[in-house]
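Engineer: Dropping the sequence and predicted coords here.
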Amino acid sequence: MAGLSRRGVLQSASGAAVGAAVVRPGSAQAASAEPMPGSETNPLELWYRQPAMDWLQALAVGNGRLGAMVWGGVYRETLNLNEDSVWGGGPHQYDDPQGAEALPEIRRMINEGNWIGAQRLADEKFMGRPTEQMPYQPVGDLLIDLVGVTGEPTAYRRSLDLRKAVATTEFTLDGVQHRRQVFASHPEQVLVVRHTVSGEALISLDVSYTSPQRATVQPHDGTTLALEGVSGDAEGITGAVQFTSLVRAVTTDGTVHAEGDKLKVRGAREVTLLVSMASSYRNYADVSDDHVGKAEGPLDRATRRGFGQLLNTHVRDYQELFGRLDIDLGTSSAIEKPTDERVQTFRDGGDPQLAALYYQFGRYLLISSSRTPGQPANLQGIWNYKMAPEWQSKYTLNINAEMNYWPAGPANLAECWDPMFAMTEELAETGKRTAELMWDAKGWVAHHNTDAWRGTAPVDFAYYGVWPMGGAWLCLLFWEHFEYTGDRQALAEHYPVLRGSVEFFLDTLVRDEATGYLVTNPSHSPEVKHHEQDDEGVSICAGPTMDCQILRDLFTAFEKAAKALGEQDPMVEQAVSARAQLPPNQIGYLGQLQEWLIDWEEAALERSRHVSHLWGVFPSDQITPIRTPELADAARKALELRGPAVTAGWSLAWKINIRARLLEAENAYLHIRQLIAPGRTAPNLFDLHPPFQIDGNFGGVSGITEMILQSHSGEVFLLPCLPAAWPSGRVRGLRARGGYEIEIRWQDGRLTDGRIRSLLGNRVRLRTDRPVDVIGVDSVDRPEANVVEFDTVQGRTYRVRPRMA
């Protein structure tokens, strides 16, 4: 229902603003012809000597909407299938209509220090109904069995080529070479499986489905097998998403026959299997779509294409995104080892290329799990084989969902934001009801989780769920998109949603009786207790530091967005006034950045994987070593007190970004070594909490970017945090806020060459590790050591070189 909130939006922006310069993906301004990423010494391939033995060894393919895990079996190939709109339950409103009645009493108890009473009352009367949200669920498995072959396989190899987004399995049986390729085509919206053999050998296959869902398998037509089912029940809500998967065999010879629950191919020289999936999900309120017709259309169109055309179209489409960025961090003999062996030994050093491979794999995952049409990347991207996955594989808005999109701007994948933006618009619709019924407020709100049904009420328990900042954080992505692209049309489209979030907080912030500041109440610092009462952990409070940091940026983004769009909005003045009355970042009794409005002594020593009060360091830039050195030191102390917490991949990934912003190169790299290691990274390079959570993959990409390039606080910083493990390297295609595309080369840990391509014609402030000259400008200003400022012309490239003594 995202279209409903877009209607008439552009009328709110002036014609001049909407028509201003913008970097559109694929345009001449956005990209120039460059060689594909990777090289012989920088191979962009995951590869293995044996088939997958479990799900975390299988290889992921996806097109943003459809996903599959490819096991690379010999006699039986298994593809675990996902379609991103197949979720448990059905359309549902989570809001408790009596919630607002309990709000004054909850606030009173918090003000009086009766936190356990407030938290228990919130559990009783201020939670969603049901208190758990719905799970993301699988479609089923596609099984491809070789018929009539025996013997032990030799020359086995399976791989995932990140340059082409193709998974390949190769082996030899009885002297016959077999090759199986799998990819997910975004242009055609189908999965493609191609099986070929050498010489005069022929292929016979039995193709079938299995599913944990309530599903049936039967012929769809003479060459097509159908799996039809309905999603599972959850939390007392009946599964309502009907789905279909169709697999069709296309051959140039031999026979194909759908019979019973199998699709039989006999005596073919080569076989192409086309898999199409669709569901009845239209949007969060409507599951009445024609799932069979939606699956048939792409299948019929793909059938008319030959395999070569399907492959070429897929590769061209994928490379238009993936090919924008190349990164080389050095190489070694370790590149000759299989990927799973490299993960085992990365922490020992000597394999810098694995960090570059990990980086590009993260970009691959974002392209594969977040494109239009489709849902945003959830907690597992789009890959899940469980009916009840951990944390329902939904969208956790207090860090994980946002972390998924940290690479979108700097790693040159701005289009991948679009599904998240569409969901945020829908959350603004459902969140309006939550604001009204549970907060008695205007605007809209989303708490710490959502799902396909766009739940916005508090869920799980009050300890975790009473945190009203999820929607506000999502709205900041709109402004981040504008900072990277200058796209005023997109900003104008999303401005009403941003405004609605601001309106909610202007209506719900309350005056703290002790300090006089405006604060959120109730809320908490995500998933961290500040007290134990009656042997029960208590998190609920007023005005935690993270909330204040998010609101400071939200009100600032709203002010800047209104200015960029030429909006004369009276709410801007209210937001600016409220911003000035928020609690500031404070330093506590141990020298740490305070996590709460009150400097609770024991709470400052609480260990946790969450570092929410350091949001002001990253993803925000409210705290930096250059502008706010005392607060930066306090952030370092807070990290020390929080403990190592290497038990969650996503937490390590966040800390890489924080350490990079604090300009701690070796500490940032230490966290990379901890992240790319057994227990935190699976053999297939999936991030592990454990279990699998994709956020750590994306956070890792962002962290590596922040070590090489930072753009915040009004400046671009080249090589701000380069570790000794990467003494020489290069990167091409990074994006910086303000509209710049960056190329950097370095040797012996120092900048040797840089290129800045101006995409919007803005003036740039550039910070480097040494004095530089800029080639291509008449003059530069040098306001401080190692900083230059100069005007740019849109579309022009400027070369940066170390200044000669």
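Structural biologist: Yep, that arrived. Residues are numbered from 1 along each chain as shown.
Engineer: Report pLDDT for residue 362.
Structural biologist: Looking at residue 362, its pLDDT reads 98.
Engineer: Residue 6 too?
Structural biologist: You'll see residue 6 listed with a pLDDT of 29.
Engineer: ditto for residue 317
Structural biologist: Residue 317 is assigned a predicted lDDT (pLDDT) of 98.
Engineer: Kindly format the C-alpha coordinates of the helix or strand hosting residue 272 as CSV.
Structural biologist: Counting by DSSP states H and E, the element that carries residue 272 is strand 270-279. Taking C-alpha atoms only, strand 270-279 is exported to CSV below (Å, rounded to 0.1, in the frame of the first residue of the first chain):
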residue,chain,number,x,y,z
GLU,A,270,21.3,-30.5,-21.8
VAL,A,271,18.5,-29.4,-19.5
THR,A,272,17.4,-26.0,-18.3
LEU,A,273,15.0,-25.8,-15.3
LEU,A,274,13.1,-22.6,-14.9
VAL,A,275,11.6,-21.9,-11.4
SER,A,276,9.0,-19.2,-10.8
MET,A,277,7.4,-18.4,-7.5
ALA,A,278,4.7,-16.0,-6.4
SER,A,279,2.2,-15.5,-3.6
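Engineer: on contacts alone, who are the packing partners of it?
Structural biologist: Helices and strands touching strand 270-279, by 3 or more Cβ pairs under 8 Å, 6 or more residues apart in numbering; DSSP states H and E, are strand 66-70, strand 76-83, strand 140-146, strand 190-197, strand 203-210, strand 242-251, helix 291-303, helix 307-322. In short, each C-beta sits where N, CA and C put it, glycine included.
Engineer: who does the shortest one pair up with?
Structural biologist: This points to strand 66-70. Here strand 66-70 is paired, per DSSP bridges, with strand 59-62 (antiparallel), strand 76-83 (antiparallel).
Engineer: Next: the fourth one.
Structural biologist: Applying DSSP bridges, strand 190-197 is found paired with strand 176-185 (antiparallel), strand 270-279 (antiparallel).
Engineer: Now it: buried residues?
Structural biologist: Of all the residues in strand 190-197, those buried under the rule 16 or more other Cβ atoms under 10 Å are 190, 191, 192, 193, 194, 195, 196, 197.
Engineer: Run through who's touching that strand.
Structural biologist: Under the contact criterion Cβ atoms under 8 Å, 6 or more residues apart in numbering, strand 190-197 has outside partners 61, 66, 68, 77, 79, 81, 144, 176-185, 203, 205, 269-277, 298-299, 302, 307, 310-311, 314.
Engineer: Now that we have those, which of them are buried?
Structural biologist: Buried by 16+ other Cβ under 10 Å: 61, 66, 68, 77, 79, 81, 144, 176, 178, 180-185, 203, 205, 270-277, 298-299, 302, 307, 310-311, 314, out of the contacts of strand 190-197.
Engineer: follow-up on the earlier one: out of the strands paired with strand 190-197, which comes closest to residue 160?
Structural biologist: Nearest to residue 160 among the strands paired with strand 190-197 is strand 176-185 (9.3 Å), distances taken as Cβ to Cβ.
Engineer: Kindly calculate the angle that that closest one makes with helix 291-303.
Structural biologist: Angle between the axes of strand 176-185 and helix 291-303 is 120 degrees (criterion: axes from the mean of the first three to the mean of the last three Cα atoms, to 10 degrees).
Engineer: Work out the gap between strand 176-185 and the centre of the chain.
Structural biologist: The chain centroid and the centroid of strand 176-185 are separated by 28 Å under Cα atoms, centre = their mean, to the nearest Å.
Engineer: quick one: average confidence on it?
Structural biologist: Averaged over strand 176-185, pLDDT sits at 98.
Engineer: quick one: contacts of that strand?
Structural biologist: Residues outside strand 176-185 that contact it (Cβ under 8 Å, 6+ apart): 61-63, 66-68, 70, 72, 74, 77, 79, 149, 155, 164-172, 190-199, 201, 302, 310-311, 313-314, 317, 368.
Engineer: And the pLDDT for the residue lying closest to residue 512 once chain neighbours are set aside?
Structural biologist: In this structure, residue 512 finds its nearest non-sequential neighbour in residue 519, 4.8 Å apart by Cβ to Cβ, 6 or more residues apart in numbering. The confidence metric pLDDT takes the value 98 at residue 519.
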